[in-house]
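Participant: got a predicted model here, sequence first, then my questions.
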Amino acid sequence: MTAGFTHRTIADSDVDAIIAVWKQCGLTRPWNEPRADIALARAGSNSTILIGENDHTVIASVMVGHDGHRGWMYYLAVDPIEQKNGFGLRMVRAAEDWLKARGIEKVMLMVRPENERARGFYHAAGYEEEPRIIFAKWLNGVSGGV
């Protein structure tokens, strides 16, 4: 049930709760420090983190930003106990609305090829897979991260 669900921009007091949700969802990686990612997303006007609450409890997030041309979504997460209730889709729509309000007409995201569950979710949300080759270079000398 989504009746008590609301979303808003992250506040300082939400950081620990969002990191906990990210960890429960398996979204954290050793080479991406969650607090640093959150701080970077909040540092400028081109990105933010939207959080979702159900009955005043933080249960969801999506990091959203743009480069002036394309919007991007990262860290879409819903507490595993609250999944399958439509909260993920509501967070996607909130991110899309945030981008539209800034004049961004296209949103993109990356999903690991083996993550069939996420691929199915985004297909159901109206997203299409676009074949692209992604090039990357670690500027800090680290290699092997995905």
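Facilitator: Looks like it came in fine.

Participant: wait, doesn't residue 121 sit right on residue 88?
Facilitator: Yes - counting by C-beta atoms under 8 Å, residue 121 touches residue 88, with 6.4 Å between them. Where you see a C-beta, it was placed from the backbone N, CA and C, and this is true even at glycine.

Participant: which one of those two is surrounded by more residues?
Facilitator: residue 88 (22 against 17; other C-beta atoms under 10 Å).

Participant: does the more buried one really touch residue 79, like I thought?
Facilitator: No - between residue 88 and residue 79 there is no contact, the gap being 10.5 Å when judged by C-beta under 8 Å.

Participant: what's the overlap in contacts for these two?
Facilitator: Common neighbours of residue 88 and residue 79, using C-beta atoms under 8 Å, 6 or more residues apart in numbering, are residue 60.

Participant: quick one, strands of the protein?
Facilitator: 5-9, 47-54, 57-66, 71-78, 107-108 (DSSP state E).

Participant: tabulate those strands (CSV), appending mean pLDDT, mean neighbour count and distance to residue 94.
Facilitator: Converted to CSV, the strands of the chain look like this (pLDDT from 0 to 100; neighbours: other C-beta atoms under 10 Å; distance: least, C-beta to C-beta, whole Å):
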stretch, mean pLDDT, mean neighbour count, distance to residue 94
strand 5-9, 96, 15, 5
strand 47-54, 97, 21, 5
strand 57-66, 97, 23, 7
strand 71-78, 97, 22, 10
strand 107-108, 96, 15, 12
